[in-house]
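Student: here are the coordinates; sequence isn't available:
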């Protein structure tokens with residue numbers, strides 16, 4: 001049950017808790033959507049829209065979760081990460097030293113990005 005709650009928290013925060021770009025600027029608000037209609041099947045869908053400025057941007061998946069005693073964020077249960085802006089996909093890659101960090105290059109003219117992903121909770125066992 002704790003793992004499911006951790007997954008719900010992680011899907012809810014998606015990649016939003018921390019992000020940084022070359023200029024360190026952030027304007028506007030963050031919009032978060034969590035779709036739990038498939039929760040009985042142990043699948044959560046999340047989408048977050050956040051401000052962005054052109055240039056390099058790093059997105060951080062939660063590694064340390066409340067109530068946990070180590071960096072146990074359930075990143076292995078994340079699937080289907082897609083980042084886009086104005087309907088165009090923005091390629092991403094993992095950081096070479098930290099699997100919880102995703103790096104993107106925000107194109108010029110972009111003022112916000114949308115990241116979506118699914119959380120697949122393992123069956124009880």
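Tutor: Yep, that arrived. Because the structure is a prediction, the values reported are computed rather than measured.
Student: Give the burial count for residue 44, as a bare number.
Tutor: Residue 44 has 23 neighbouring residues, counting by other CB atoms under 10 Å. The way it works is simple: take the backbone N, C-alpha and C, and place the C-beta from them, glycine included.
Student: Could you check how far the helix or strand hosting it is from the centre of its chain?
Tutor: Residue 44 is located in strand 43-51, with elements delineated by DSSP states H and E. Its chain's C-alpha centre and that of strand 43-51 lie 7 Å apart, by CA atoms, centre = their mean, to the nearest Å.
Student: who does that strand pair up with?
Tutor: Paired neighbours of strand 43-51 in the sheet (DSSP bridges): strand 31-35 (antiparallel), strand 112-120 (antiparallel).
Student: Report the buried residues of the next helix or strand after it.
Tutor: Note on strand 43-51: by DSSP H and E, the next helix or strand toward the C-terminus is strand 55-60. With burial defined by 16 or more other CB atoms under 10 Å, the residues of strand 55-60 counted as buried are 57, 58, 59, 60.
Student: Next, report how far strand 55-60 is displaced from the centre of its chain.
Tutor: Relative to the chain's own centre, strand 55-60 is displaced by 12 Å; criterion: CA atoms, centre = their mean.
Student: what angle separates it from strand 112-120?
Tutor: 30 degrees (axes from the mean of the first three to the mean of the last three CA atoms, to 10 degrees).
Student: Return the list of helices and strands in contact with strand 55-60.
Tutor: Helices and strands touching strand 55-60, by 3 or more CB pairs under 8 Å, 6 or more residues apart in numbering; DSSP states H and E, are strand 18-21, strand 101-106.
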